[in-house]
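Participant: my questions concern the predicted model and sequence given below.
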Amino acid sequence: MHTQRTAVAALALFTLAACGTDKGSASSTPAEPDVPLTGTGWTVDSVSAGGTVRKAPAGAGIAFEKGRVSGSSGCNHFSAPATVKDDTLTVGAATSTLIGCPKNLQWYETALHKTLTGKLAVRLSGGKLTLRTGKGDSVTLTRKPAEQPAPLTGTAWKVDALVDGASISTLPRGTAGTAHLTFGKDGSVRGNLGCNRVSGMAKVTDGTVTFGRLTTTRMMCKAPAMTLERKLLTVLHGPVRYGIEHRVLTLTAADGTGIRATA
């Protein structure tokens, strides 16, 4: 398991206000002012870096929420803060999962991370968002139709990361995609902890899930799976805070440890 320290590109702001015009051309069409980004998802179309245009893979996208941006390169997930002034976005440090990606995805992800860093010129026009570096490299995105967050109950949540305060860690090697939870409308919770199946009851109130006694099967698995299971059971105990941003669920215990899962 690797705690993320790598700075990746990210964006965060509630509204891009008064983006202005593209200063590179007197005939440029003015960008749309006061376009709200909070709660808006963006699909990454392509990345242009070093003279090469790389089409984004399926699933690559960004969502703006509460002064941060979270997203996926199509392989790894990332999250970070940023600041905007006039038509310039300055990207701050970020956290990212470190899943080993196939070569074709890794080439795209590397280009995306190198491009979305430092100061970026922002242009919004016709539902398209363009972020451009001083060297002329750019990322183009398309605004997604408005969508409601995934509901807590009835959704199969796949655990994809562990949280410890502001740090995000990948799952133990070999356990990706094994742990999942589903909350029932009847107050039940069922799923898998990466090794054993789990079931029990969980009371959902405003912003809190209070787990009752959970029962599990008794299989013995290899060390990475058992490590993940122990960490999950530590979080899934008593009252924990929950939050949903689009299709991402976070469960956080009182000590700041938690898990992140995707619908």
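Facilitator: Perfect, I can see it now. Numbers count the residues shown, from 1 in each chain.
Participant: contacts, neighbours, all on C-alpha from now
Facilitator: Fine.
Participant: from the chain's centroid, how far away is whichever strand or helix holds residue 104?
Facilitator: If you go by DSSP states H and E, residue 104 is part of helix 103-115. In terms of CA atoms, centre = their mean, to the nearest Å, the centre of helix 103-115 is set 17 Å apart from its chain centre.
Participant: how about that helix: buried residues?
Facilitator: 105-106, 108-109, 111-113, 115 (16 or more other CA atoms under 10 Å).
Participant: now swap in stretch 87-100 and tell me
Facilitator: Using 16+ other CA under 10 Å as the test for burial, stretch 87-100 gives 87-98.
Participant: now render the residues you listed as CSV, adding pLDDT, distance to residue 50 and secondary structure.
Facilitator: Listed next are the buried residues of stretch 87-100 as CSV, based on pLDDT from 0 to 100; distance: CA to CA, whole Å; DSSP: H, G, I helix; E, B strand; the rest coil:
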residue, pLDDT, distance to residue 50, secondary structure
87, 80, 23, coil
88, 80, 21, strand
89, 74, 21, strand
90, 74, 21, strand
91, 72, 20, strand
92, 73, 22, coil
93, 74, 23, coil
94, 70, 23, coil
95, 74, 25, strand
96, 77, 23, strand
97, 74, 25, coil
98, 71, 24, coil
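Participant: so what's residue 212 up against?
Facilitator: The neighbours of residue 212, taking CA atoms under 8 Å, 6 or more residues apart in numbering as the test, are 200-203, 237-238.
Participant: what's downstream of the host helix or strand of it, the next helix or strand?
Facilitator: Element membership for residue 212, per DSSP H and E: strand 208-216. Next helix or strand after strand 208-216 toward the C-terminus (DSSP H and E): helix 223-235.
Participant: the strand holding residue 212 - which strands sit beside it in the sheet, and in what orientation?
Facilitator: Partners of strand 208-216 in the sheet, by DSSP bridges, are strand 197-205 (antiparallel), strand 238-245 (antiparallel).
Participant: which of these has the lowest average pLDDT?
Facilitator: Among the strands paired with strand 208-216, strand 238-245 carries the lowest mean pLDDT, a mean of 90.
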